[in-house]
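Trainee: Coordinates for the following, if possible.
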Amino acid sequence: MPFFAARGTGTKTSSFFLTTALISGLIAVPGQGISADLEWNAGGVVDTLPAVGGVGDWDQGLSLNWLNAALSVGFGVGDNALFGAPGGYTVTAVDTISVGDITFSETGIAIVGSDLTVAGTISVTTAGDSASIGNDITANANVGGAGDLNLTGEVAGSVVMDGSGTLSVSNTINALDHNTGTTNLGGGSVVTTTTTVDDGTVVVDGGTLTGDTTISGTGTLDVDTGIVGNVIANSGTLDADGGTIGSLDLDGGAGHTIADTAMVTGATTIDNATLTQTGGALTTVTLGA
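Mentor: Residues are numbered from 1 along each chain as shown. Presented below is the predicted three-dimensional model:
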């Protein structure tokens, strides 16, 4: 432990110690605009590598449950949260947490509790691994990585899917911007504004897409059950074998299908596109070019 001595006049000597907590406070002060990569270490030994993860509470700056290299620190505003120790544990946010990136490099880890404000990307690094976040997210949720992520809390902003794994949503989100991988919208999921499918696959399996859904690029919208508003396909593929769709505007793409119990309750317009119906129901169909 560092020891500092200051000599005064005569023979008197005063001294003081800098504790681990004070050092960590000097190094990582919340709100100072410097983001650190911190490893979760609630079950480990203070100031000792490697981080071992473990069940614990995540607060904003008080508990020394994180390692910055080999130094135990509190979590500062905007720091990056790294969950890399195995074990399948649950982390409980006990404050509203402002975080940069959240990275899961092991499987079976869950975060629950208070709201999260995520400025960066939420990633499950490895294909076949999975993690879950049950907290409400106060802004956007940008998702990356090759693994699978379950979002069971509300998202006030847009969910942006850029990962190659599978994202599962089971609560209300403001918007969905799907660029790659697979997004499953299960029972309880509601997209309150727009959905865009630029690549990869969005599966509606009990969810509700309230606003317009636009398919472009090589994206696929797979409707199994649930409610979908207006679908606009500039390219890509609509594959509906169940559920209810408000209207169809097919401006491109050659592989669209309506089958089984799928129902389009409004108008269907087909212009420079191909739609195959092997079941289900269409209300009115208008053919363009």
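Trainee: I258 contacts V264, doesn't it?
Mentor: Yes: with contact defined as C-beta atoms under 8 Å, I258 and V264 form a contacting pair (6.8 Å). Glycine gets a C-beta too; all of them are placed from N, C-alpha and C.
Trainee: joint contacts of those two?
Mentor: G280, A281, L282 (C-beta atoms under 8 Å, 6 or more residues apart in numbering).
Trainee: by contact count, what packs against whichever strand or helix holds V264?
Mentor: Element membership for V264, per DSSP states H and E: strand 263-270. Here strand 263-270 touches strand 244-250, strand 281-287, going by 3 or more C-beta pairs under 8 Å, 6 or more residues apart in numbering; DSSP states H and E.
Trainee: In the first one, which of the residues would be classed as buried?
Mentor: Pointing back at strand 244-250 there. Burial within strand 244-250, assessed by neighbour count using 16 or more other C-beta atoms under 10 Å, is assigned to T244, I245, G246, S247, L248, D249, L250.
Trainee: now these in a markdown table, with distance to N135 and pLDDT?
Mentor: Putting these into a markdown table (distance: C-beta to C-beta, whole Å; pLDDT from 0 to 100) gives the following:
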| residue | distance to N135 | pLDDT |
| --- | --- | --- |
| T244 | 31 | 98 |
| I245 | 32 | 98 |
| G246 | 32 | 97 |
| S247 | 35 | 97 |
| L248 | 36 | 97 |
| D249 | 37 | 97 |
| L250 | 39 | 97 |
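Trainee: possible to save those residues as TSV with distance to T138?
Mentor: Output for these, formatted as TSV (distance: C-beta to C-beta, whole Å):
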residue	distance to T138
T244	32
I245	31
G246	30
S247	33
L248	35
D249	34
L250	37
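Trainee: Can you pick out the most distant pair from those residues?
Mentor: T244 and L250 (17.3 Å; C-beta to C-beta).
Trainee: can you tell me which residues contact T213?
Mentor: By C-beta under 8 Å, 6+ apart, the residues touching T213 are T194, T195, T196, V197, L221, V228, G229, N230, V231, I232.
Trainee: pLDDT value on the second one, please?
Mentor: Spelled out, it's T195. pLDDT for T195: 98.
Trainee: Can you name the element that comes right after the strand holding V264?
Mentor: Next along the chain after strand 263-270, taking DSSP H and E as the criterion, comes strand 275-277.
Trainee: Endpoints of stretch 246-261, how far apart?
Mentor: One end of stretch 246-261 to the other measures 14 Å (C-alpha to C-alpha, to the nearest Å).
Trainee: same question but for stretch 253-273, I mixed them up
Mentor: 5 Å.
Trainee: Contacts for it next, please.
Mentor: 215, 223, 230, 233-252, 274-289.
Trainee: now W66, which residues is it bridged with?
Mentor: In this entry, W66 is beta-bridged to W40, V73, by DSSP bridges.
Trainee: Now do the contacts for it.
Mentor: With C-beta under 8 Å, 6+ apart, W66 has these contacts: L38, E39, W40, N41, S72, V73, G74, F75, D79, A81.
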